[in-house]
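Q: sequence first, then the predicted structure, then my questions.
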Amino acid sequence: MRAALHVLSTAKQSCSIAFSFRAWIAREGQVPERQRLSGTRPVTTAMKRKEPPAAKQSPAKKKRPDLPEYHVTPMLQDDHGEDIWPAPKDQMKQARDIIIASAKADENVVICPDKDADGLTSGVILHRTLQLLGLSPERIKVHLLEKGNAIHSEAESEKLAKHDPRYIFVLDQGSRRCPPLVDSPETTTLVVDHHFATPDDFPERSAFVTACNSPPVATTSLLTYILCSELHPLVEEQCNWLAIVGTHGDLGTTLKWSHPFPDMSAPLKLYTKKALNDVVSAVNAPRRTATYDVLSAWTALLTADHPKDVLKHPRLHQAREEVATEVERCTHTAPKFSPDGKIAVFRINSKCQVHPVIATRWAGHLNSKALEIVMVANEGYLEGKVNFSCRIARCARARENEVNIIKSLKAYASLPAIGDEDSKDEDSVEGKSDSAPEEQKKPLLERLGEDFARGHVQASGGIVSMDEFEELLKLMRIGEKSDAQKKREAERADQAKSPAKKKAIDTSQKNTLMGYFGTKDKGKVTAS
């Protein structure tokens with residue numbers, strides 16, 4: 001009896017050991033060497049780790065192009081081998097002389113800043129510099145443009161003249177060739193800017209300092225800061241954060257402050273990058289609202305000693321919410337493309353100035369081998385007008401051939417109108433080619449005026465009439481199908497119409513019940 005119990009106990013222990021060993025095999029996913037050599041199958045199937053099915057099925061995403069850092073853009077040098085930055089030295093010297101003279105003259109000075117973060121901070125930097133140089137605040141006037149107006153318009157010139165200015169400073173407004181802003185020989189005008197311009201694209205009897213030809217192109221706020229920081233020792237301490245806000249407003253919040261840009265590590269640490277970037281959004285919001293409330297943003301910046309002071313203004317928070325809601329409403333508009341895929345056009349209708357924001361957003365999102373320019377056209381901002389903004393698509397920035405938006409827009413507007421060539425041929429056949437030039441329609445580019453294709457080569461836009469914009473879209477062939485698409489559709493239509501190309505359908509039935517159920521000996525049918 002004891003012997004039987006001992007045998008039973010030993011058998012249970014062996015089974016327990018075997019079960020534990022097999023469980024370990026299953027856990028570890030291994031097969032004992034004896035089973036591998038003998039070829040026997042393990043009792044428990046080994047668990048193998050498999051790749052998730054999603055990883056196999058999902059296609060590989062397109063890699064975003066690696067863009068070079070802005071500050072490493074090659075710089076130009078003068079005849080002495082010195083860098084030309086942020087603007088030519090002779091322009092910088094003349095600008096500083098005018099600023100000093102305006103402070104000493106103790107006469108009316110009018111500052112005309114643009115409406116965005118770059119323009120407004122430029123104005124505040126100059127405003128504080130003039131006070132540090134001894135000019136009375138009562139002598140400093142600020143002129144903010146009306147919605148849809150340019151500084152070069154007659155309406156704005158009349159308003160400027162009412163201030164009886166001795167000096168006028170135009171900051172970040174862009175520039176064009178025009179008569180003097182104020183028709184007085186005693187008035188001195190200085191244009192401080194960074195938008196694309198030729199030496200002739202400035203008002204008559206005006207001086208200018210521009211960064212547009214000195215890459216990497218500095219913003220107007222940074223150019224103004226560098227101009228003024230040498231005029232008084234306190235400018236750097238009071239205005240360094242303003243220069244950061246203005247520069248981030250135009251060049252983006254990820255800009256690296258490396259050579260040739262000044263070292264801003266101290267103010268970035270003191271005020272924090274997040275707070276400064278929040279100021280950018282807060283200051284840009286009021287001018288985008290339907291009420292065009294630029295004054296609130298200017299007042300917030302001018303009265304602030306710290307970036308957090310700007311963020312305390314309740315009106316700026318309200319404006320941000322209004323703009324964010326409108327951007328979200330208009331962003332999801334479907335685009336139309338040119339046949340070659342180079343241009344994408346979004347058409348929206350909003351009383352808010354959200355078209356530049358949406359253009360920037362889609363330019364960073366859309367991705368294709370052909371895409372170059374993203375255009376967002378707003379038909380509701382100004383009555384009877386179309387305000388449009390263009391941005392270079394991110395996917396096109398890393399290509400060898402650089403995209404020039406201003407050049408591209410003017411090239412499209414210079415194309416002959418669709419049907420002009422046919423009409424010319426008909427006139428020549430009928431002998432009508434001797435018509436007067438006054439009766440012939442001017443090219444679109446000549447009719448679009450000075451508000452077309454303004455700004456930067458990478459970020460341009462314009463204000464045109466509804467009819468002229470529709471004509472521009474026709475010249476761009478927006479919404480038309482490519483030649484390849486037309487050819488494919490023509491082939492399909494031709495194949496559908498041609499009976500010879502259709503496959504004949506045999507209506508006779510070859511399969512029968514006898515053929516389906518029949519046996520090898522089809523002549524015999526077994527009776528049931």
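A: Here it is on my side, so go on.

Q: tell me how many other residues surround T253.
A: 15 (other CB atoms under 10 Å). C-beta: built from backbone N, CA, C; applies to glycine.

Q: and it, that one's in a helix?
A: No: read with DSSP: H, G, I helix; E, B strand; the rest coil, T253 is coil and lies in no helix.

Q: is it true that it touches D278?
A: No: taking CB atoms under 8 Å as the contact criterion, T253 and D278 are not neighbours in contact, 9.9 Å apart.

Q: is the residue nearest the centre of the chain in a helix, a strand, or coil?
A: Nearest to the mean C-alpha position of the chain, by CA atoms, centre = their mean, lies T360 at 2.3 Å. Secondary structure state of T360, per three-state DSSP, is helix.

Q: for the spatially closest residue to it that is not a sequence neighbour, name its beta-bridge partners.
A: Take T360 and drop its neighbours on the chain: the residue closest to it by CB to CB, 6 or more residues apart in numbering is R391, 5.5 Å away. With DSSP bridges applied, R391 shows beta-bridge pairing to V374, A459.

Q: now do the contacts for R391.
A: Counting by CB atoms under 8 Å, 6 or more residues apart in numbering, R391 makes contact with 359-360, 362-363, 373-374, 405, 458-459.

Q: look at it and report its pLDDT.
A: On pLDDT, R391 comes in at 98.

Q: how close does it get to A117?
A: 17 Å (CB to CB, to the nearest Å).

Q: next one: D172
A: 10 Å.

Q: now the common contact residues for the two.
A: Taking CB under 8 Å, 6+ apart as the criterion, D172 and A117 both touch S221.

Q: report how many residues lie close to G455.
A: So G455, with other CB under 10 Å, has 17 neighbours.

Q: for it, give me its contacts.
A: 174, 195-196, 406, 461.

Q: show me what it is bridged to.
A: S460.

Q: same check on the one 10 residues further on?
A: When bridges are called by DSSP bridges, S465 pairs up with K385.

Q: so how far is L472 from it?
A: Taken as CB to CB, the span from S465 to L472 is 10 Å.

Q: more neighbours, these two?
A: L472 (25 against 14).

Q: the more buried one against K410, yeah?
A: No: under the criterion of CB under 8 Å, L472 is not in contact with K410, lying 10.9 Å apart.

Q: isn't A117 right up against G249?
A: Yes: shown here, A117 and G249 form a contact pair, counting by CB under 8 Å, at 3.0 Å.

Q: the more surrounded of these two?
A: A117 (28 against 23).

Q: per-residue pLDDT, that one?
A: 98.

Q: repeat that for the one 10 residues further on.
A: What the model reports for H127 is a pLDDT of 99.

Q: same thing with Q458?
A: pLDDT, Q458: 93.

Q: restricting to C-alpha, output stretch 303-318 in PDB.
A: Output of stretch 303-318 as PDB, limited to C-alpha atoms (Å, rounded to 0.1, in the frame of the first residue of the first chain):
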ATOM      1  CA  THR A 303       1.100 102.200 -21.800                       C
ATOM      2  CA  ALA A 304       2.700  98.900 -21.000                       C
ATOM      3  CA  ASP A 305       6.000  98.600 -19.100                       C
ATOM      4  CA  HIS A 306       5.900  94.800 -19.100                       C
ATOM      5  CA  PRO A 307       4.400  92.300 -21.600                       C
ATOM      6  CA  LYS A 308       2.000  91.100 -19.000                       C
ATOM      7  CA  ASP A 309       0.500  94.600 -18.900                       C
ATOM      8  CA  VAL A 310      -0.600  94.100 -22.500                       C
ATOM      9  CA  LEU A 311      -2.300  90.800 -21.700                       C
ATOM     10  CA  LYS A 312      -4.500  92.400 -19.000                       C
ATOM     11  CA  HIS A 313      -6.600  94.400 -21.500                       C
ATOM     12  CA  PRO A 314     -10.000  92.800 -21.700                       C
ATOM     13  CA  ARG A 315     -10.700  94.300 -25.200                       C
ATOM     14  CA  LEU A 316      -7.700  92.300 -26.600                       C
ATOM     15  CA  HIS A 317      -9.200  89.100 -25.200                       C
ATOM     16  CA  GLN A 318     -12.600  89.800 -26.700                       C
END
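
Q: buried residues in it?
A: For stretch 303-318, the neighbour count (16 or more other CB atoms under 10 Å) marks 304, 307, 310-311, 313, 315-316 as buried.

Q: and T325, how close does it get to C352?
A: 9 Å.

Q: show the contacting residues for the residue nearest to G380 when sequence neighbours are not counted.
A: Ranked by CB to CB, 6+ apart and with sequence neighbours excluded, the top spatial neighbour of G380 is N349, at 3.9 Å. Going by CB under 8 Å, 6+ apart, N349 touches 330, 378-380.

Q: among those, which pair sits farthest apart?
A: C330 and E379 (11.1 Å; CB to CB).

Q: looks to me like T198 is in a strand.
A: No: read with three-state DSSP, T198 is coil and lies in no strand.

Q: pull the contacting residues for it.
A: Contacts of T198 (CB under 8 Å, 6+ apart): none.

Q: ramachandran angles for it?
A: phi -100, psi 170 (degrees, to the nearest 10).

Q: and it, how close does it get to N213?
A: 9 Å.
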